[in-house]
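# Below: sequence and its predicted model.
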Amino acid sequence: MLRNMGIVVVNRPIGPDAFWMDVEVPDMSAVALPGQFAMVKCSDGLDPLTSRPLSIADAVDGMVSFAYAVVGKGTGLLAEMQPGDRVPILGPLGRPFDYKHAAKRHVMIAGGIGSAPFPFLARALRDEAPGTETVMLYGGRTRDYLFALELFEELATKVETATDDGSHGHHGLVTDLLMPYLGDAANRLYACGPTPMFKSIDEKLEGHDNPCEISVEPIMACGFGACYGCVVPKRDGDDYQFVKSCEQGPTFEIRDLRVDLMGSH
Ligand code: FES
């Protein structure tokens, strides 16, 4: 974990209330792994006091990138940052995706801005597992909410989309696209998005052996185990206990969590 002072290089809209930010922060770029996150300070002052947890969307050539939705004051201030602004960043943090396994296919499943960790993962799979098929199943409210779709079309070998209004791809839920990929246990799955999407994946996985890691996005105030704001219910035999997702996650094998007990957001 490193404390860094980054320099904003790019901060551009990628859809309704969503932005892509490239930050020059070489020390962090050199060690970050797909699935990790960073705590990004949104202002010099005390309001908001806490940093925002953002998935690392990419890390290449001294840059770290974030794809984020504007959902409150902190991310609203982030959206106002200009190239050349300084931004304090703590990271990389958390457990990365466990993707260095032989697999027939790596299948990423994303809902809206839940796609944020996947450019980094898709790039790593392309570079480190050449010849392996990487599939992006991408859902959003409308075409406009399929953020950075062109980037996924470049990085993944196959992209399938679903929208609530049918404006791009399948007219329905992204999890409707999942079943053809569950028949072969050599397919590894990765998912990030709203909790109802996790619940749907959890149900569809019943009777299938595919490994499936999810990246959870709870509220995080500190990012390093001090505040207990980020707990999720993890299975413990027939019971469960709450664990800090900033320390044990944010990536978990879906079967290790009680996603049925997680709040919807
Ligand atoms: Fe503070 Fe996890 S974010 S304990």
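Sure thing, it's come through.
# alpha carbons only for contacts and neighbour counts from here, please
Noted.
# Enumerate the residues of the stretch 151-265 of the chain near the ligand.
220-230, 244-246 (C-alpha under 6 Å from any ligand atom).
# Please flag which of the residues you listed sit within helices.
When those are checked against helices (DSSP state H), the matches are S245, C246.
# wait, what's in contact with A116?
A116 makes contact with S55, I56, A57, F66, A67, Y68, according to C-alpha atoms under 8 Å, 6 or more residues apart in numbering.
# burial count for M28?
24 (other C-alpha atoms under 10 Å).
# Give me the distance between it and the ligand.
As judged by C-alpha to the nearest ligand atom, to the nearest Å, M28 and the ligand stand 19 Å apart.
# Look up phi and psi at the residue positioned nearest the centre of the chain.
Geometric centre of the chain, nearest residue: P117, 3.4 Å, by C-alpha atoms, centre = their mean. Main-chain torsions, P117, degrees, to the nearest 10: phi -80, psi -10.
# Which one of the residues in the stretch 51-200 of the chain is closest to the ligand?
Per C-alpha to the nearest ligand atom, P53 is where the stretch 51-200 of the chain lies closest to the ligand, at 8.4 Å.
# show me what contacts S115?
Contacts of S115 by C-alpha under 8 Å, 6+ apart are I109, Y138, F147, C192, G193.
# go on, V25?
Applying C-alpha under 8 Å, 6+ apart, the residues contacting V25 are N4, M5, G6, I7, G62, M63, V64.
# show me what contacts the fifth one?
By C-alpha under 8 Å, 6+ apart, the residues touching G62 are E24, V25, P26, D27, M28, S29, A30.
# Burial check on E206, number of neighbours?
Using other C-alpha under 10 Å, E206 has 11 neighbouring residues.
# which residues of the stretch 1-150 of the chain score low on pLDDT?
Along the stretch 1-150 of the chain, the parts satisfying pLDDT under 70 run over 1, 45-49.
# ok so, going back, what is the nearest of the contacts of G62 to H171?
The closest of the contacts of G62 to H171 turns out to be S29 (C-alpha to C-alpha; 37.7 Å).
# State the next helix or strand along the chain beyond whatever helix or strand that closest one lives in.
S29 belongs to helix 26-31 when assigned by DSSP states H and E. Downstream of helix 26-31, the first helix or strand assigned by DSSP H and E is strand 37-40.
# Tell me if that next one is near the ligand.
No - using C-alpha under 6 Å from any ligand atom, strand 37-40 stays clear of the ligand, coming no nearer than 9.4 Å.
# from memory V135 sits against F118, does it?
No - under the criterion of C-alpha atoms under 8 Å, V135 makes no contact with F118, lying 10.7 Å away.
# Neighbour count for the two, which is higher?
The neighbour comparison of V135 against F118 (other C-alpha under 10 Å) goes to F118, with 26 against 22.
# longest strand in this protein, by residue count?
Longest strand in the chain by number of residues (criterion: DSSP state E): strand 2-15.
# Pairing partners for that one, with directions?
Strand pairing for strand 2-15, using DSSP bridges, gives strand 18-24 (antiparallel), strand 86-93 (antiparallel).
# For the stretch 151-265 of the chain, just list every one of the helices.
Secondary structure of the stretch 151-265 of the chain, counting by DSSP state H, counting those that start in this stretch: helices at 195-204, 245-248.
# possible to save these as a markdown table with distance to A18 and mean pLDDT?
Putting the helices of the stretch 151-265 of the chain into a markdown table (distance: least, C-alpha to C-alpha, whole Å; pLDDT from 0 to 100) gives the following:
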| stretch | distance to A18 | mean pLDDT |
| --- | --- | --- |
| helix 195-204 | 20 | 96 |
| helix 245-248 | 23 | 94 |
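# Alright, I will stop here.
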